[in-house]
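In: coordinates only, sequence not included:
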């Protein structure tokens, strides 16, 4: 990947001949600030639908359609205590266009103007507030989502992880045009870099970008304010178990474990692999034992928060099977800790993980994820490095990380008796 200095910003260029589109994006990173949580959620939706130049959704969408269905998107993600925002424009490679149109110029102009000249319309704000309020209201009706939110609130109480990315119904009500503008200023003044990928020479892209004043953006540097790794350590004196009752048929259970393992430690690959063996595939242990062998779960699985050092187990069961299901989950984890690891599950998980990585490699944004890893201070990474680490994992590695698990929180949402 080439690095080009462009008006004090770093542009990372990834040449890739496999795709017919070119993607240009600005990638912003900033500390999660509870003050701007609902504002940033609403702002990103507003900016994806209108701008000062195209003040209605119809005009905005029509213009993108008119330049060969160019796409403009803003995606948000959380990494540790940092929120990342990717503002990108994807357009067809000019070599496939017969018409006399400078699509590079038009697409980059649209990206720059949409980002720098948003449409702060009160009508649009009220529309997005209503949509987000409805989303919050619907969360209660979606019991799996509701239980996930409640589990996160309880396990990560008073931690950044517990902050809902969409705020609360009350905080959404308090959003104003003034607070949206404050959040926009917070976003636009945060450090960023440019990422370009596609089957294209980089000079035409740089020439177009250099037509604009990029000094309004702050150059990305890894500083102490960007805590991509959440190293908070909780003293766990006893397991917290919360049980809520509602008028539901299926019981939803979340079980949370913590460890000192993070993305920047040597255990990261083994830790993610442990979660995969436990519950990320149909052949995984919890699925085979709790669901298939004992027929106790409608669904069951596990996931990893590697920047937080946590593993979550999720299950939907009947209210009559709660204790037995818990017992089986704990027993299977204890087997891993004791070194009782099934050969077939171990090898199948290796194959599945490697297949997942190879499939993800077909995305034009895959090199961006590798770049993020390096810019977070976690060292160079690539599909080859990840696959090599997975291939070389041993059962002893899995036993070692399994014994670092500490049970923290159990959350149960069950039907009333």
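Out: That came through fine. Treat the numbers as computed from the prediction; the structure is a model and nothing was measured.
In: ok, residue 65 - how many residues close by?
Out: For residue 65, the count of nearby residues is 10 (other Cβ atoms under 10 Å). Any C-beta I mention is one placed from the backbone N, CA and C, and that applies to glycine too.
In: name the SS class of residue 193, please.
Out: Per DSSP: H, G, I helix; E, B strand; the rest coil, the local secondary structure of residue 193 is strand.
In: please renumber so the chain begins at 603
Out: Got it, first residue is 603 now, which makes that one residue 795.
In: state the pLDDT value of it.
Out: pLDDT recorded at residue 795 is 97.
In: distance-wise, check it relative to residue 966.
Out: In this view, residue 795 and residue 966 are 17 Å apart by Cβ to Cβ, to the nearest Å.
In: who has more neighbours, these two?
Out: Legend: neighbour count by other Cβ under 10 Å for residue 795 and residue 966, higher for residue 795 (21 against 16).
In: for the stretch 903-1019 of the chain, just list every one of the helices.
Out: 924-939, 945-962, 968-977, 985-993, 997-1004 (DSSP state H, counting those that start in this stretch).
In: so for the helix or strand containing residue 753, what gets flagged as buried?
Out: Here residue 753, judged by DSSP states H and E, is contained in helix 745-757. Within helix 745-757, the residues that count as buried by 16 or more other Cβ atoms under 10 Å are 745, 748, 749, 750, 751, 752, 753, 754, 756, 757.
In: again, but for stretch 706-723
Out: Across stretch 706-723, burial judged by 16+ other Cβ under 10 Å covers 706, 708-714, 716-717, 720-723.
In: residues contacting the helix or strand hosting residue 902, please?
Out: In the assignment (DSSP H and E), residue 902 maps to strand 899-907. By Cβ atoms under 8 Å, 6 or more residues apart in numbering, the surrounding residues in contact with strand 899-907 are 763, 852, 873-874, 877-878, 880-882, 886, 888-889, 892-893, 912-919, 927.
In: ditto for stretch 832-848
Out: By Cβ under 8 Å, 6+ apart, stretch 832-848 touches 682-683, 745, 752, 756-757, 761-763, 860, 862, 864, 909-911, 1008-1019.
In: and if you look at stretch 664-682?
Out: Residues contacting stretch 664-682 (Cβ under 8 Å, 6+ apart): 634, 642-643, 646, 649-650, 656, 685-694, 699, 703, 705, 708-709, 712-713, 716, 767, 829-832, 909-910, 974, 978.
In: what subset of the residues you listed is buried?
Out: Neighbour counting with 16+ other Cβ under 10 Å marks 634, 642-643, 646, 649-650, 656, 685-694, 705, 708-709, 712-713, 716, 829-832, 909-910, 974, 978 as buried within these.
In: just those: which are in helices?
Out: Within the buried ones among the contacts of stretch 664-682, residues falling in helices by DSSP state H are 642, 643, 646, 649, 705, 708, 709, 712, 713, 716, 974.
In: for the longest helix along the chain, buried residues please.
Out: Longest helix in the chain, counting residues (DSSP H): helix 724-743. Neighbour-count burial for helix 724-743, counted by 16+ other Cβ under 10 Å, picks out 726, 727, 729, 730, 731, 734, 735, 738, 741.
In: how close does the fourth one sit to residue 786?
Out: Going back to what we said before, that points to residue 730. 14 Å.
In: with the fifth one instead?
Out: Residue 731 sits 16 Å away from residue 786, taking Cβ to Cβ as the criterion.
In: got it, and the last one?
Out: Distance, residue 741 to residue 786, by Cβ to Cβ: 26 Å.
In: so what touches the longest helix of the chain?
Out: For helix 724-743, the external contacting residues (Cβ under 8 Å, 6+ apart) are 640, 643-644, 647-648, 651-652, 747-748, 751, 768-771, 774-775, 777-779, 782.
In: got a PyMOL select line for the buried ones in those residues?
Out: Applied in PyMOL, the following selects the buried portion of these according to 16+ other Cβ under 10 Å:
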select buried, resi 640+643+644+647+648+651+652+748+751+768+769+774+777+782
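In: hang on, residue 621 packs against residue 698?
Out: No - the pair formed by residue 621 and residue 698 falls short of the contact definition of Cβ atoms under 8 Å, at 11.2 Å.
In: more neighbours, those two?
Out: Per other Cβ under 10 Å, whichever of residue 621 and residue 698 has more neighbours is residue 621, with 15 against 11.
In: give me the pLDDT value at residue 744.
Out: 91.
In: so for stretch 798-811, mean pLDDT?
Out: Mean predicted confidence for stretch 798-811 is 94.
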